[in-house]
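Build me a structure from this.
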Amino acid sequence: MTISFLPPSHGNDPRHRDRYDFIVCGAGPAGCALAGRLAENPGVRVLLIEAGGSDEMPEVLEPAQWPLNLGSDRDWAFVAEPNPHLNGRAIPLNMGKVLGGSSSINVMVWARGHRSDWDHFAREAGDDGWSYASVLEIYRRIEDWRGAPDARRRGIDGPVHVETPYHPQPVALAMIEAARALGIPTFDSPNGAMMEGRGGVALNDLIVKAGRRSSIFRSYIFPKLGQPNLTVLTRAQVSRLLFSGATVVGVEVIQDATARHLMADREVILSMGAINTPKVLMQSGIGPEDELAPHGIAMVEHLPGVGRNHQDHVSFGCLFEANGPVDVGSGGSEATLYWKTDPALDAPDVFHCQLEFPVPTPETAHRGVPEHGWMTFAGLSHPKSRGSVHLTGADAHDPCRIEANTLSHPDDLRDAAKTIQLARDLAHASPFSRLLKREAMPGSLTASEMETYIRDAAVTYWHQACTAKMGRDAMSVVNGNLQVYGIERLRIADASIMPDVPSGNTMAPCVVIGERAAEIIKRSHGL
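Presented below is the predicted three-dimensional model:
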């Protein structure tokens, strides 16, 4: 099946050509949820713009093929600047450039975040609509849950199909039993009661339906493609916002090397992610004055927080050799762990993602990668390091300079050793005895050797966020209604508005942000 996305002519009336009520820039998880909800009203003209192309290919739709998307034309292929805290390494920061955004190239894990994450969002925004109690209702509206019944926390009629692995592999089941052996509680799902307390371990929730990826594009937009009020424009890069004074009236896009102006009669919403959203803001004149002036960009609104507060989950590969071939199911990531190493913490500080095949970094591969094995990405749920996104020029094709600053905070190095030790303890617990032949890496190292390993092994979880944060202080970019301070008819709805990265994968929280944006906009316009 081939899908074509052509903008409607709106008849022969030139007043309506390239005019829409709402323009949503970016077809990632938040943008698809937002555009899909707005398009439910047949009287509203919605344009959804995506820089990438169709998702109609096996690398996207078949769960096991997700690694083939990394570095392809479906990946923005961002790379952070060389980092002295990572022994000079420049680590990849992959992000989806395709319909569905990162929900079309990721590991399909559906993770809601911890109760405390959402209550923190509400405090920062000064709006209880972002609290866990409120967001729980949004999640119930979103989900079509096909696991253990939980009427208070799970929905069953929503657009997003969520299920547990159909046939979990032995490595995933062993991780759950190993956690139980270490005194860590186990749950039917990582979403719900597990993320309201100290945490625990569970099989992953996945957006896999009938053996195929069910991306957020497939959930919200694909069923509506025939609607005359919804236009999906692909391979169109948003280059800048169009203004009348301090009011946004449209966007400029580049398609086939040609610039085109698309006008919004009501609002423009940026949903382009934690790198491209601040980039478009700054190249449009919204951001720190000292960032814009060197590139000759005229100031529209000085917002010093644009591009700052960059956050991302960091993880460290722990590789284990198996006694024989390891079966891979559901994309290869079927179990996860969140845990407060100190019960007094507000949220889990440890975040593990199990993978049913070993993946070293180029800097650790020389230690020896087992032919048959598995690994644990032993991560930090709330790292303290902060980075920033900077312009290299005023043109849409000028790349951003990303200072991720991974492990720049000394506490992150200390906490890395703790999360790695927990991963090792799990793998050496009795439930893994039938599977484990040896620990391939890191192994038993001195403190100095472990520090080197941590800096060489650190990788992103691909959860870039927080670069246009929601809040009420001087570094905030949007208010609790997602409106950009000082600018009319412009909102942001993506991971960049998060005040802090949540506990776990960011896809599901981004869908909540899209849904929340839709209800706010509908209320604002009486829709």
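
contacts and neighbour counts: CA atoms only from here.
OK.

isn't there a helix covering Asp342?
No: under DSSP: H, G, I helix; E, B strand; the rest coil, Asp342 falls outside any helix and is assigned coil.

Can you get me a residue count around it?
Using other C-alpha atoms under 10 Å, the number of residues around Asp342 comes to 11.

Return the residues in contact with it.
If you count contacts by C-alpha atoms under 8 Å, 6 or more residues apart in numbering, Asp342 has none.

cool, Ala77 as well?
For Ala77, the contacting residues are Leu70, Gly71, Pro92, Leu93, Asn94, Met95, taking C-alpha under 8 Å, 6+ apart as the criterion.

is it true that the fourth one touches Glu81?
No: in this structure, Leu93 is not within contact of Glu81 by C-alpha atoms under 8 Å, at 10.4 Å.

re the thing from before, give me the buried entries from the contacts of Ala77.
For these, a burial check counting by 16 or more other C-alpha atoms under 10 Å picks out Leu70, Pro92, Leu93, Asn94, Met95.

Read off the pLDDT value for Thr96.
Careful, residue 96 is Gly and not Thr. What the model reports as pLDDT for Gly96 is 97.

Look up how far Met282 lies from it.
Computed as C-alpha to C-alpha, to the nearest Å, the Gly96 to Met282 distance reads 21 Å.

okay, these two: which has more neighbours?
Here Gly96 and Met282 are set side by side on neighbour count (other C-alpha under 10 Å), and the busier one is Met282, at 29 against 26.

Quickly find the element holding the residue nearest to the more buried one when sequence neighbours are not counted.
Taking C-alpha to C-alpha, 6 or more residues apart in numbering, and ignoring the residues beside it in sequence, Met282 has Leu292 as its nearest neighbour in space, at 6.6 Å. Taking DSSP states H and E as the criterion, the element that holds Leu292 is helix 289-292.

Could you check how far Leu281 is from Ala148?
In this structure, Leu281 and Ala148 are separated by 43 Å, where distance is defined by C-alpha to C-alpha.

before we move on, what about Gly192?
From Gly192 to Ala148 the distance is 11 Å (C-alpha to C-alpha).

What of Ala51?
Using C-alpha to C-alpha, Ala51 is found at 38 Å from Ala148.

Name the residue in those two with the higher neighbour count.
Neighbour count, other C-alpha under 10 Å: between Ala51 and Ala148, Ala51 has more, with 24 against 11.

What does that one show for phi and psi?
Its backbone dihedrals place Ala51 at phi -70, psi -30, with angles given as degrees, to the nearest 10.

okay but it is in contact with Val253, surely?
No: with contact taken as C-alpha under 8 Å, Ala51 and Val253 are classed as non-touching, separated by 9.2 Å.

Next, show the common contact partners of these two.
By the contact definition C-alpha under 8 Å, 6+ apart, Ala51 and Val253 are jointly contacted by Ala236, Gln237, Val238.

Looking at those residues, which is nearest Asn87?
If you rank those by distance to Asn87 using C-alpha to C-alpha, Gln237 comes first, at 34.6 Å.

what about the helices in the stretch 1-150 of the chain?
Using DSSP state H, counting those that start in this stretch, the helices of the stretch 1-150 of the chain run over residues 29-38, 58-61, 115-125, 132-142.

for the stretch 251-400 of the chain, same thing?
273-283, 289-292.

So what touches the last one?
Applying C-alpha under 8 Å, 6+ apart, the external contacts of helix 289-292 come out as Met282, Gln283, Gly285, Ala298, Met299, His302, Leu303, Pro304, His390, Leu391.

from these, which single one is nearest Ile402?
Distance ranking of the contacts of helix 289-292 against Ile402, using C-alpha to C-alpha, places His390 first at 6.3 Å.

Please name the nearest non-neighbouring residue to the closest one.
The shortest distance from His390 to any residue other than its chain neighbours is 5.0 Å, reached at Arg401 (C-alpha to C-alpha, 6+ apart).

so that neighbour sits in a strand?
Yes: secondary structure of Arg401, determined by three-state DSSP: located in a strand.

okay but it is in contact with Gly393, surely?
No: under the contact definition of C-alpha under 8 Å, Arg401 does not touch Gly393, with a separation of 10.0 Å.

Adding pLDDT and distance to Asp349, write the contacts of helix 289-292 out as a markdown table.
Formatted as a markdown table, those follow (pLDDT from 0 to 100; distance: C-alpha to C-alpha, whole Å):
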| residue | pLDDT | distance to Asp349 |
| --- | --- | --- |
| Met282 | 98 | 33 |
| Gln283 | 98 | 36 |
| Gly285 | 98 | 37 |
| Ala298 | 96 | 42 |
| Met299 | 97 | 40 |
| His302 | 98 | 35 |
| Leu303 | 98 | 31 |
| Pro304 | 98 | 29 |
| His390 | 98 | 29 |
| Leu391 | 98 | 32 |
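
In strands only, show me those.
Secondary structure defined by DSSP state E assigns His302, His390, Leu391 of the contacts of helix 289-292 to strands.

for the helices of the stretch 1-150 of the chain, which one ends up most surrounded?
Per-stretch averages of neighbours, counted by mean count of other C-alpha atoms under 10 Å, single out helix 29-38 among the helices of the stretch 1-150 of the chain, with a mean of 30.

From the chain's centroid, how far away is that helix?
With C-alpha atoms, centre = their mean, to the nearest Å as the basis, the distance from the averaged C-alpha position of helix 29-38 to the chain average is 15 Å.

Stretch 514-527 now?
Centroid separation for stretch 514-527 versus its chain: 22 Å, with C-alpha atoms, centre = their mean.

swap in stretch 203-210?
From the chain centre to the centre of stretch 203-210 is a distance of 17 Å (C-alpha atoms, centre = their mean).
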